[in-house]
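Asks: whatever this is, show me its structure:
(one chain, ligands or ions: 1)
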Amino acid sequence: MNIEALPFAYEFDIARTALVLIDMQRDFIEPGGFGETLGNDVALLEAIVPATQRMLEGWRQAGGLVVHTREAHKPDLSDCPPAKRNRGNPSLRIGDVGPMGRILVIGEPGNQIIDALAPVEGEIVVDKPGKGAFYATGLHEMLKRRGITHLLFGGVTTEVCVQTSMREANDRGYECLLLEDCTESYFPAFKAAAVEMIRAQGGIVGWTAPSTTLLAALGHP
Ligand code: C5J
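Replies: Numbers count the residues shown, from 1 in each chain. The predicted structure follows:
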């Protein structure tokens, strides 16, 4: 399959491609969660849910592999370095009890993926202690076992966990494409800059395209 993308056409085979949705978790996206307690406008992130849901449904119908990630730590926080927990001296730290349970801790209500994008059987769910999806997760091995060579990225936030994961994937040899309307930041200027820097210099990190282009190619206009 060949689709129009930037900086040039992107070619992929569904059987060797995974859709990777980064950290579409209640605590980042829903009102009353951790993201909002930090003073962020979560409506910006909520706005990408319908497009991401359409992409997810179209990809599932096409039979493509789906990977969901969650930024999540063990309850004893043994996988959370003090540098991460204490950075910026926040009023609510990772592991503290927030509006939706313990912040960024596995199994807590706020740590779950939002209902609209909930994983289904057969999809990979990765709990990641870092910003990148490949650090300390085994994701590369899981993808290699399935013969995956191409990754389509969506999720939040564009310039933090999505961009970090895409750069990690790029360094591991994956051909990566960012779905422009399925990713968002609390800072619109940061999203715009991340999209530009990913596809600059001949696609130094990868490609970008709207999900509608992908869905049209899959026969889901
Ligand atoms: C993500 C963050 N998912 N901004 N986390 O981007 O801390």
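Asks: scan this structure for its longest helix.
Replies: Among all segments of the chain classified by DSSP state H, the helix with the greatest residue count is helix 188-203.
Asks: and the closest residue in space to K84 that isn't next to it in sequence, how many neighbours does it have?
Replies: Counting by Cβ to Cβ, 6 or more residues apart in numbering, K84 lies nearest to I94, which is 6.8 Å off, once chain neighbours are set aside. C-beta: built from backbone N, CA, C; applies to glycine. For I94, the neighbour count with other Cβ atoms under 10 Å is 21.
Asks: ok so G122 is a helix residue?
Replies: No: with DSSP: H, G, I helix; E, B strand; the rest coil as the criterion, G122 is assigned coil and is not in a helix.
Asks: enumerate every residue touching the closest residue to I198 other than its chain neighbours.
Replies: What sits nearest to I198 in space, not counting adjacent residues and going by Cβ to Cβ, 6+ apart, is V205, at 4.3 Å. Taking Cβ atoms under 8 Å, 6 or more residues apart in numbering, we find V205 in contact with Q163, M166, R167, N170, C176, M197, I198, R199.
Asks: repeat that for 6 Å
Replies: With contact taken as Cβ atoms under 6 Å, 6 or more residues apart in numbering, V205 is in contact with M166, R167, N170, I198.
Asks: just the pLDDT for the second one.
Replies: Which is R167. R167 carries a pLDDT value of 98.
Asks: relative to Y174, how far out is it?
Replies: In this structure, R167 lies at 11 Å from Y174, with Cβ to Cβ, to the nearest Å as the measure.
Asks: looking at the two, which one has more neighbours?
Replies: Set side by side, R167 and Y174 show more neighbours around Y174, with 22 against 17, by other Cβ under 10 Å.
Asks: what does the worst-scoring helix or strand of the chain on mean pLDDT contact?
Replies: Every helix and strand in the chain was compared by mean pLDDT, DSSP states H and E; the lowest is helix 34-37, with a mean of 89. The contact list for helix 34-37 (Cβ under 6 Å, 6+ apart) reads D27, F28, V42, L92, G98, I103, G110.
Asks: again with stretch 109-120
Replies: Contacts of stretch 109-120 with the rest of the structure, by Cβ under 6 Å, 6+ apart, involve 24-27, 29, 33-34, 49, 53, 56, 68, 70, 72, 100-101, 125.
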